[in-house]
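K.L.:
need a 3D model of the following:
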Amino acid sequence: PHAWTSGQRARMDLRHPVAAAQGYSGGDISWVSPTTYVHACGNSIQFCSVGEDAQESRPMWGQGNSIGAVTACARRGVLLYAERLKELEDPRVFVYDVEGEE
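P.N.:
The predicted structure follows:
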């Protein structure tokens with residue numbers, strides 16, 4: 001290991017290929033349980049944990065043409081999402097049972 005002294009700059013090679021990137025970009029989240037929330041991320045819904053037992057987020061890939069509105073009811077254990085494309089006259093709404101997914 002090298003000991004850095006004041007005034008020196010660390011140099012790192014940042015030329016690494018990026019295959020994909022994902023994350024929370026703001027907007028609405030919906031709680032599917034007291035410790036798990038979901039949000040849309042491209043054509044997936046990310047399940048994210050909070051608290052002491054938090055785990056990595058896990059995706060659920062959407063059916064249809066991109067994901068628009070997302071909402072959930074933790075009491076009933078369901079998640080609903082709708083297609084996003086503006087040119088769709090009647091976007092489909094999908095219902096997902098999250099019971100037992102935790």
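K.L.:
what does stretch 56-73 rub up against?
P.N.:
Outside stretch 56-73, the residues that touch it by Cβ atoms under 8 Å, 6 or more residues apart in numbering are 22, 28, 30-32, 38-49, 78-85, 88, 91-92, 94, 96, 98. C-beta coordinates here come from the backbone N, C-alpha and C atoms, glycine included.
K.L.:
mind redoing it with 7 Å?
P.N.:
28, 30-32, 38-40, 43-48, 78-85, 88, 91-92, 94 (Cβ atoms under 7 Å, 6 or more residues apart in numbering).
K.L.:
contacting residues around Asn43?
P.N.:
By Cβ under 7 Å, 6+ apart, Asn43 lies in contact with Trp61, Gly62, Ser66, Ile67.
K.L.:
the third one and Ile45: what is the separation?
P.N.:
Taking Cβ to Cβ, to the nearest Å as the criterion, Ser66 is separated from Ile45 by 12 Å.
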